[in-house]
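Student: no letters, just coordinates:
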């Protein structure tokens, strides 16, 4: 099982306002709204964290890519493929 750096293992009750049609359809399908919402929020949080990381490290990534483009991969002569 992978470690989830976002999860604390604790639970907090929150209030959400959801479209009644969505709630009815989810209940009819037997879905657990808490689990579905938590999974969606976890996914959205991870996506945003990844976007922010890339934005914060953009200059270093671009500099590294430029170096590789100019000099090639450092250990390219040792690659077997």
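Tutor: Ah, there it is. Everything numeric here is computed off the predicted structure, so don't read it as measured data.

Student: residues in contact with stretch 34-53?
Tutor: By C-beta atoms under 8 Å, 6 or more residues apart in numbering, the surrounding residues in contact with stretch 34-53 are 4, 6, 7, 16, 26. No exception for glycine: its C-beta is placed from N, CA and C like everyone else's.

Student: the residues you listed in helices, which ones?
Tutor: Members of the contacts of stretch 34-53 lying in helices (criterion: DSSP state H): residue 26.

Student: who's in contact with residue 76?
Tutor: No contacts exist for residue 76 under C-beta under 8 Å, 6+ apart.

Student: thinking again about what came up before, closest one of the contacts of stretch 34-53 to residue 79?
Tutor: Residue 79 has its nearest neighbour among the contacts of stretch 34-53 in residue 4, at 34.4 Å by C-beta to C-beta.

Student: tell me the secondary structure of the spatially closest residue to the closest one that is not a sequence neighbour, please.
Tutor: Among residues not flanking residue 4 along the chain, residue 42 sits closest, at 7.4 Å (C-beta to C-beta, 6 or more residues apart in numbering). Using DSSP: H, G, I helix; E, B strand; the rest coil, the structure places residue 42 in helix.

Student: okay, residue 42 and residue 75: tell me how far apart.
Tutor: 36 Å (C-beta to C-beta, to the nearest Å).

Student: which of those two has more residues huddled nearby?
Tutor: Set side by side, residue 42 and residue 75 show more neighbours around residue 42, with 13 against 7, by other C-beta atoms under 10 Å.

Student: and that one, what's its pLDDT?
Tutor: Listed pLDDT for residue 42 reads 95.

Student: what of residue 1?
Tutor: The per-residue pLDDT reported for residue 1 equals 59.
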